[in-house]
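A.B. asks: Sharing a model prediction with you, sequence too.
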Amino acid sequence: MFPRHLGDGRAYEIARAMLDGFNRHYRLFREASAAAKQRFERADWHGQQRAQRERIEYYDLRVMEAVQRLRGEFHIEDLSMHTWQQVKLHYIGLLTDHSQPELAETFFNSVTAKLLHRSYFNNDFIFVRPAISTEYLESDEPGTKPTYRAYYPTHMTLAETWHRIVDNFQLDLAFEDLDRDVDRVLQAMLSELGGFRPRANFQIQVLSSLFYRNKGAYLVGRIINGFNETPFALPILHGESGALVIDAALFGEDDLLMLFSFARAYFMVDMEVPSAYVQFLRSMMPHKDRSELYSALGLQKQGKNMFYRDFLAHLRYSSDKFRIAPGIKGMVMLVFDLPSFPYVFKVIKDYYPPQKETTREQIKSKYLLVKQHDRVGRMADTLEYSSVAFPRHRFEEELVAELKRFCGSLLEEEGDMLVIRHLYIERRMIPLNIYLQEAPPDQVAHAVVEYGNAIKDLVAANIFPGDMLWKNFGVTRHGKVVFYDYDEIEYVTDCNFRRVPAPRNEEDEMSGEIWYSVGPKDVFPETFGPFLLGNPAVREVFMAHHADLLDAAFWQTHKQRIAAGHVHDVFPYEPSKRFSSGRPNDSRPLQETRHA
């Protein structure tokens, strides 16, 4: 730790106050995450959803509390830049034995960004690069859980080992038939490992906290045998009897990538040392960026910070230029990308066509809704940034002209930098309309089925996409169809789904004008067809699998169920992976339960 008497006497106290603010934030974050266990045991699904939304807001609230305290107690406006450097040095000293130093550094940046002008955002005053290493970091505090537990089946049978693994989580709700579930897990494991023969170092390592999301609790770990490591996850759900069941056994990186997808809600996990959890998960999913793993664990501000660092590194080692993104241009968003970087950048336009009755604040509220909602694997997560400075020479002139024309209020030039005051960043996908034009017939058929499944999953989560055109959906590298245009989404329960009234007379029938009244929330599903199904091949597949989406009754039924308190969930694994007994034999992994 640096001596308190170094330079301005306020520097140490300011650093201490900032760390106090972070410590309060992470304590509340952990309390909300730890309480997910009780909510899961009580089947309090609405409470779980509410806690998920509220936890996302914790970070910004704690940042503002810290800003207000610093302004109120330390006359921040009088601080010299030399004093700010001292504050940072003292803060580094305070983090020497901290269990979440990387998160605390990000918190420091967030508070400082509220207090300093953007021109001071450099390595002297904020953490552009991490100052404290998190490698091999573990908590030495008495009573804290280790990051993971290792089990050695050579000391007991495999069945006994799996029993012990599950029992150690001390869930207060009984299992319907744990012997049956363990036998199924064991059989799935032996099938996955093929010609299995235990080696000298055979062990099963399991993260010490369950991963809670919506109506599931996931046990996550890896099987180590010789030079082979096999990641796994066991979804634990409430069975039809009300007791617990292990619903499936997921093995391998691909299954875990689906579980930790950017299109799903954040997990609730009680972690003393989050960097150790990320390191463990990264060893199982080496193709997953650390930034995405932090976000998946609910630490989206840390994920955002790390993403930006990765982006700056990519800019240093690339030379291609930002361009207008391929595809149909949006009416509300200007979208651009960097061909060598797998993300797109979205800027809200200053004005919109007459048919788009919206405002910038309404659009931002839609994106916040998606951030806080259950994305059920069908809505891409977004990273929201303010005052992002780009090298001006890396922009194609056509893109600069478009930004000046449509987003002038959010654009400024500072020297050789182009600053965008507000933007969203999303994972790049192939727009579905382009995919359908270029893919072979079998892939087109799969994509059309996936499109309908995506809409039905969104409906199950109480989301009506609004604009259902193909261009507003994308195809991921795993062939999943994901929605990414949020300016017209609504809750299903806020919409009025209607059938088109019969024409009153021949004049109505022949008229090209609408002869019936339409309210602002009215939706007529039977009118979707002409906009979506002009291609005969697409129409044939769609009508064979999803004709019900054109029927108002489908939407009305789901609206009534959701309004009555039903909570749906779509689980991130294929139906073929589910164990049959104790669960409804759905054609798709959709669980529906009435909230008591």
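C.D. replies: Yep, that arrived. Numbers count the residues shown, from 1 in each chain.
A.B. asks: sec struct for the residue nearest to residue 201 when sequence neighbours are not counted, please.
C.D. replies: Spatial nearest neighbour of residue 201, chain neighbours left out: residue 224 (6.3 Å); criterion: CB to CB, 6 or more residues apart in numbering. (C-beta placed from N, C-alpha, C; glycine too.) Following DSSP: H, G, I helix; E, B strand; the rest coil, the label given to residue 224 is strand.
A.B. asks: do the same with residue 423
C.D. replies: strand.
A.B. asks: Next one: it from residue 383, what distance?
C.D. replies: 9 Å (CB to CB, to the nearest Å).
A.B. asks: Next: residue 525.
C.D. replies: 33 Å.
A.B. asks: Residue 337 too?
C.D. replies: 14 Å.
A.B. asks: now do residue 149
C.D. replies: From residue 149 across to residue 383, the span is 34 Å (CB to CB).
A.B. asks: higher neighbour count, the two?
C.D. replies: residue 383 (22 against 15; other CB atoms under 10 Å).
A.B. asks: tally of neighbours for the closest residue to that one other than its chain neighbours?
C.D. replies: Leaving aside its chain neighbours, residue 383 sits nearest to residue 425 (4.4 Å; criterion: CB to CB, 6+ apart). Residues lying near residue 425 (other CB under 10 Å) number 21.
A.B. asks: partners of residue 425 in the sheet?
C.D. replies: Note on residue 425: beta-bridge partners residue 345, residue 383, judged by DSSP bridges.
A.B. asks: I figured it hits residue 382, correct?
C.D. replies: Yes: contact status for residue 425 versus residue 382: in contact at 6.8 Å, counting by CB atoms under 8 Å.
A.B. asks: Common neighbours of the two, please.
C.D. replies: Contact criterion CB atoms under 8 Å, 6 or more residues apart in numbering; residues shared by residue 425 and residue 382: residue 346.
A.B. asks: The residue nearest to residue 201 and residue 326, how far apart?
C.D. replies: 44 Å.
A.B. asks: higher neighbour count, the two?
C.D. replies: Shown here are residue 224 and residue 326; by other CB under 10 Å, residue 224 has more neighbours (16 against 13).
A.B. asks: contacting residues for the more buried one?
C.D. replies: 201-205.
A.B. asks: From residue 152, how far out is it?
C.D. replies: Taking CB to CB, one finds residue 224 at 10 Å from residue 152.
A.B. asks: Report the buried residues of the helix or strand hosting residue 58.
C.D. replies: Assessed by DSSP states H and E, residue 58 sits inside helix 45-74. Buried residues in helix 45-74, counted by 16 or more other CB atoms under 10 Å: 45, 47-49, 51-52, 55-56, 58-59, 62-63, 66-67, 69-70, 74.
A.B. asks: ok, which stretches of the stretch 101-250 of the chain are helices?
C.D. replies: 101-115, 158-167, 178-193 (DSSP state H, counting those that start in this stretch).
A.B. asks: and the ones you listed, which is most packed in?
C.D. replies: Mean neighbours per residue, mean count of other CB atoms under 10 Å, is largest over those for helix 101-115, with a mean of 22.
A.B. asks: partners of the residue lying closest to residue 202 once chain neighbours are set aside in the sheet?
C.D. replies: Distance criterion CB to CB, 6+ apart; nearest residue to residue 202, sequence neighbours excluded, is residue 225 at 4.8 Å. Beta bridges link residue 225 to residue 228 when assigned by DSSP bridges.
A.B. asks: Next, find the distance separating residue 225 from residue 196.
C.D. replies: Residue 225 is 8 Å from residue 196, by CB to CB.
A.B. asks: Out of these two, name the residue with the larger neighbour count.
C.D. replies: Counted by other CB under 10 Å, residue 225 and residue 196 do not tie: residue 225 has more neighbours, with 18 against 14.
A.B. asks: ok, back up a step: find residues that contact each of residue 224 and residue 152.
C.D. replies: The overlap between the contact sets of residue 224 and residue 152 (CB under 8 Å, 6+ apart) consists of 202-203.
A.B. asks: what's the helix or strand for residue 328?
C.D. replies: Counting by DSSP H and E, residue 328 is found in no helix or strand.
A.B. asks: Please list all residues in contact with it.
C.D. replies: Contacts of residue 328 by CB under 8 Å, 6+ apart are 431, 433, 471.
A.B. asks: if you set the cut-off to 6 Å instead, what comes out?
C.D. replies: Going by CB atoms under 6 Å, 6 or more residues apart in numbering, residue 328 touches residue 471.
A.B. asks: Do you know the pLDDT at it?
C.D. replies: pLDDT recorded at residue 328 is 86.
A.B. asks: ok, now residue 296?
C.D. replies: 96.
A.B. asks: I'd like to know the average pLDDT value across stretch 550-562.
C.D. replies: 94.
A.B. asks: whoops, I mixed them up, stretch 418-426
C.D. replies: Mean predicted confidence for stretch 418-426 is 95.
A.B. asks: next one: it to chain centre, how far?
C.D. replies: 19 Å (CA atoms, centre = their mean, to the nearest Å).
A.B. asks: For the helix or strand encompassing residue 569, which strands pair with it and how are they oriented?
C.D. replies: According to DSSP H and E, residue 569 maps onto strand 566-570. Here strand 566-570 is paired, per DSSP bridges, with strand 590-594 (antiparallel).
A.B. asks: how close does the closest residue in space to residue 91 that isn't next to it in sequence get to residue 130?
C.D. replies: Excluding the flanking residues, the one nearest residue 91 by CB to CB, 6+ apart is residue 15, at 4.2 Å. Residue 15 sits at a distance of 17 Å from residue 130 (criterion: CB to CB).
A.B. asks: Fine by me, we can end here.
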